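In: fold the following.
(chains A and B)
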Amino acid sequence: MAKRRKRGRKRTRRKVARRRAVWGRLLIILAILMAGYITWLDYQVRHQFTGKRWSLPARVYARPLELYTGLELSADQFLSELRALHYRPVVTASSPGLFSRNKNTFQLFSRPFDFWDGPESARNLRVTFSGKRIVKMSDGTNGRPVSLARLDPVLVGSFYPAHNEDRVLLQLDNVPVSLTDALISIEDRGFYSHHGVAPLAIVRALLANIRAGSVVQGGSTLTQQLVKNFFLSSERSLVRKINEAIMALLVEWHYDKDEILEAYLNEIYLGQDGNRAIHGFGLASYFYFERPLTELSVDQYALLVGLVKGPSYYNPRRHPDRALSRRNLVLGVMADLELIAPEDLSRLKARKLGVSHFKRKAINTFPAFLDLVRRQLQRDYRDEDITSEGLRIFTTLDPQVQWRLEQVLETRLKSLESVRKIKAGTLEAAAVVASVQGGEVLALAGGRNAKFSGFNRALDARRQVGSLLKPAVYLTALEQPGRYTLTTLLDDRPLSFTARNGDVWEPRNYDRKNHGDVPLYQALAHSYNVSTARLGLALGIEQIIKTLRKLGVEQHLNPYPSLVLGAVEMSPLQVTNMYQTFASGGFRSRLRAINAVLAVDNSPLQRYPLSVQAAIDPAPNYLISTAMRFAVREGTGRGLYQYLPDHQDVAGKTGTTDNLRDSWFAGFTDDRLGVVWIGRDDNQPTGLTGSSGALRVWGDLFAGFNNPDQLPVAVENIEYHWIEPKTGLLADAGCPDAVQLPFIVGSAPKEIAVCVQKKGVLTAPVDWFKELFE
Amino acid sequence: MRAVSLTQISSLTLLLCLLQACSSQPAHVSPSPVVDKGRQAQAPVTQSPYHSDSPGILVPSTTQPSRQPVPNTVADVSQPPAVLALLDQAEQQANTGELESAAASLERAIRIDPRNAVLWYHLATVRLSQGESTQAEQLAVKSNSLAAGNAAQQARNWRLIAQARREQNNPGGATAAENRAHELDPR
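Out: Here you go, the predicted structure:
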């Protein structure tokens, strides 16, 4: 027994020892686990915080408006630009983002802005308009003349990441102190003294909640709230609370208060716009007030701070009463803490919320143009960089031109359908407007409804171009001044051409008539098919393809005879590219929609510079442009002058395809080039020719521009002669129907028309340069 | 059984420790910044070769001695003030080596006055200073196309073309361009 007992005692001792060892081991394991767990949390915190690059959508800006004396811009156009920039009308503009108007004189305080070529500071400007132009610009403070000022550019869109997170990043230095004061006083008064958690605050909140019988106060510090937003789900559980507390302590361990506050200001959730989450005070300011945070007043900061507690419950647009009392509560607390003078409190409390009207914006205002921007970016950037690296993209978009284009398409297509008894809504359209010398895309429409971001016809609709191709044929001829001039007579009599494979080609004119011998410039102006086909065959299809390549046409081209009559499919943008070469005097530029891209810290990443390539000799280019001027003066495009003043210099070409499926017009003035297409998505006939459809849109569009009256650019090696059109012989001003036409020096006809011989005198050729320069 | 689970646990802690080791190297976890891909030649302005000996960048050639009176002067007083302001700005930027900013200023000026041959010429000189001789030549040709009747400006353009061609190792073309310049403006 005793032995047994002994043994039993021994056993118990051993048991106890074993138990102790087990507990000891368990404790060690637990400690290791705990240490491991904290290490893991620590890793999370440091990873997220240090490596944190918020997914910042790319911001896309329109071209900045450059203001200078002489700029062609009306007072109303200026006003629309200021509205798009959300400048606010006041009695006296005394800080950035404000303006006042007195009839034709504006006084404005511009906003500072960081451009790719340096910062533009805020300026007080006085701008006077008269007759659709700026006639005077001076400094609003000292009255000195100002030669040039650049406004901040209109934000026209953003490229969001897949989860639609949006943010306007703030740096603490640029955050108004009133906002952080308000925030700290309401959300976490002990922010600058605690170490991440504030146990007393939790107890205080608990008591307050028990007293009230519901959750009226949160004990979370700003750090805890940040951790919750950053790392954790919104689930309410003890484990999460503990995690939150540990991580808050870790965050405070690693980072200083300013870093934490800055992260908080950028991270906190403040509202919802459809599927776009509004994070941070920077974006919230735009979302609720349509202007930058720095331009808000104290009561507006109080409103934003009040939203932290419940952006949806206190949504100032949906629940203005709740929002108002919440805002006033914040103001009251601020007054208690002497952040607001007591005499200001009642005045501030009496203010309206001041929230802008809610417009569920299509995320991007100009989806078709943004589409082009994105495609040009994709040549140089990965998709995830475009949507998350906060790129700042400066585009060439001119909002004045774009607004005009959208309005014109909407009204003109409706009227075409009603006047021509076309079923409403069946016509579609696309258009591109570009600057002539720089090749910058100023406006783009991918369909008649510009707000619709679906199929982008300007980029993706490949349609037969028809007669738009003819200038390339005629240019090929005019590049050989020994053989062809504008007055060379072309044969427009019926043609039957048998190809090598035995196919017979019998092109016919649109009017089904035979026009006999026609001077070259008139054959183009009237867009005769038969004479063009004969000319193209004489020149050789390969030669015409060479010319098209020089003009910038890059796509595959079949060397079939029908090419000369435009049996080739191109998008409106491709057509614009080709006509840009004509318009710019024979210099090819790749059309650009982007000027520069900056990184989120404003360091320049990439410039898309103006570059040119001499493609067509200026003299023949001048001749072909002249023929296109005749096309709108007396040819198929003559309807254009119903829209434009008679002195306006325009060169252009209509295009119509078989059975009236496509209606095109491409034309240019001194400074702008426009290409318009009208057709149907199912490729059925529209009943419209180039001149009865697209030309009208073009006319409406360009009638609204402030087109300068400029002569075409003077070109060397060109001389003008009087010509009798029907014979193509030298004439003089006195001959009936005589016209003055340009020739490459030495290529003018030598023979003199009968009308001159009768009189026996011939005026000397006009030396153009003497007239222009002496 | 117990032993097995212990090794599992210790391997987990080992993993955690490894992770901690990782966390001390934030370079591994921070996303790679957007980089300028493949356009280094154009992007960082400061890296572009700046030829201090290139002919008076953006200094109107009329300030240089010329034996003959020049018909259409470069620093034409009829230039709009906005364009003059941008020319001044571009000149300052070029003088401090900010060539890409100078180019941007000139592009702004061209947007305001696209038919001004002088602006295209200055843009050509900036590109030449950046070592972009091919584009410099093209821009000078463009300037020529806008300078019909202005022999002095054309001569300047041809001189620039000559230099651009020399940099392209095309001495024959350079000499031809110089001859054109001399014909237009013998000096």
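In: pull the number of nearby residues for A:Asp670.
Out: 19 (other Cβ atoms under 10 Å in any protein chain shown). For glycine as for every other residue, the C-beta is placed from the backbone atoms N, C-alpha and C.
In: end-to-end on stretch A:503-515?
Out: 25 Å (Cα to Cα, to the nearest Å).
In: residue contacts, A:Lys132?
Out: Neighbour list for A:Lys132: A:Glu72, A:Leu73, A:Ser74, A:Asn706 [criterion: Cβ atoms under 8 Å, 6 or more residues apart in numbering or on different chains].
In: that one and A:Phe705: what is the separation?
Out: 10 Å (Cβ to Cβ, to the nearest Å).
In: again, but for A:Glu751
Out: With distances taken as Cβ to Cβ, A:Glu751 is found 43 Å from A:Phe705.
In: please say which of these two ends up with more neighbours.
Out: A:Phe705 (18 against 9).
In: chain neighbours aside, what residue packs nearest to the more buried one?
Out: Closest residue to A:Phe705 apart from its sequence neighbours, by Cβ to Cβ, 6 or more residues apart in numbering or on different chains: A:Arg672 at 6.5 Å.
In: neighbours of that neighbour, just the number please.
Out: Using other Cβ under 10 Å, A:Arg672 has 20 neighbouring residues.
In: and for A:Ile386?
Out: What A:Ile386 shows, counting by other Cβ under 10 Å, is a neighbour count of 22.
In: the helix or strand hosting it packs against which elements?
Out: For A:Ile386, the enclosing helix or strand under DSSP states H and E is helix A:383-388. Counting contacts by 3 or more Cβ pairs under 8 Å, 6 or more residues apart in numbering or on different chains; DSSP states H and E, helix A:383-388 is packed against helix A:367-378.
In: so in chain A, where's the weakest helix or strand by average pLDDT?
Out: helix A:768-773 (a mean of 52; mean pLDDT, DSSP states H and E).
In: local confidence estimate at the residue nearest to A:Gln613 when sequence neighbours are not counted?
Out: Excluding its sequence neighbours, the residue lying closest to A:Gln613 (Cβ to Cβ, 6+ apart) is A:Arg588, at 4.7 Å. A:Arg588 is assigned 96 on the pLDDT scale.
In: how many neighbouring residues does A:Arg588 have?
Out: 21.
In: from chain B, how far off is A:Glu165?
Out: Distance of A:Glu165 to chain B, given as Cβ to the nearest Cβ, to the nearest Å: 15 Å.
In: so that residue makes contact with A:Asn229?
Out: No. Using Cβ atoms under 8 Å, A:Glu165 makes no contact with A:Asn229, being 11.8 Å away.
In: neighbour-wise, which of the two wins?
Out: When neighbours are counted by other Cβ under 10 Å, A:Glu165 and A:Asn229 differ, and A:Glu165 comes out ahead with 18 against 15.
In: excluding residues flanking it in the chain, which one is nearest that one?
Out: Here the residue nearest A:Glu165, using Cβ to Cβ, 6+ apart, is A:Ser55, at 5.2 Å.
In: and that neighbour, what does it touch?
Out: A:Pro161, A:His163, A:Glu165, A:Arg167, A:Thr387, A:Ser388.
In: wait, A:Pro507 sits on A:Val530?
Out: Yes. Using Cβ under 8 Å, A:Pro507 is in contact with A:Val530, at 5.6 Å.
In: pull up the overlap in contacts between the two.
Out: A:Leu495.
In: more neighbours: which of these two?
Out: Between A:Pro507 and A:Val530, A:Val530 has the larger neighbour count (other Cβ under 10 Å), namely 23 against 20.
In: so that one, which of the three states?
Out: Secondary structure, DSSP: H, G, I helix; E, B strand; the rest coil: A:Val530 is helix.
In: distance of it from chain B?
Out: Remark: distance between A:Val530 and chain B (Cβ to the nearest Cβ) = 35 Å.
In: neighbours around A:Leu222, how many?
Out: 24.
In: is it true that it touches A:Ile186?
Out: No. The pair A:Leu222 / A:Ile186 is not scored as a contact, 10.5 Å apart, by Cβ under 8 Å.
In: picking up where we left off before, between the contacts of A:Lys132, which is nearest chain B?
Out: A:Glu72 (10.7 Å; Cβ to the nearest Cβ).
In: which residue packs closest to the closest one, ignoring adjacent ones?
Out: A:Glu72's closest residue in space is A:Asn706 (Cβ to Cβ, 6+ apart), at 3.5 Å.
In: shouldn't the one you found be within a helix?
Out: No. Applying three-state DSSP, one finds A:Asn706 to be coil, outside a helix.
In: surely it touches A:Phe129?
Out: No. Contact criterion Cβ under 8 Å: A:Asn706 and A:Phe129 do not qualify, at 11.6 Å.
In: is the nearest residue to A:Gln642 once chain neighbours are set aside in a helix, a strand, or coil?
Out: Using Cβ to Cβ, 6+ apart and skipping the chain neighbours, the partner closest in space to A:Gln642 is A:Gly699 (6.7 Å). Three-state assignment for A:Gly699 (three-state DSSP): helix.
In: hmm, A:Arg638 and A:Gly699 touching each other?
Out: No. Between A:Gly699 and A:Arg638 there is no contact, the gap being 11.2 Å when judged by Cβ under 8 Å.
In: look at the two and report which has more neighbours.
Out: Shown here are A:Gly699 and A:Arg638; by other Cβ under 10 Å, A:Gly699 has more neighbours (27 against 17).
In: and the pLDDT at that one?
Out: 97.
In: just A:Thr686 next, same as before
Out: Per-residue confidence (pLDDT) for A:Thr686: 95.
In: what is the burial count for it?
Out: When neighbours are counted by other Cβ under 10 Å, A:Thr686 comes out with 25.
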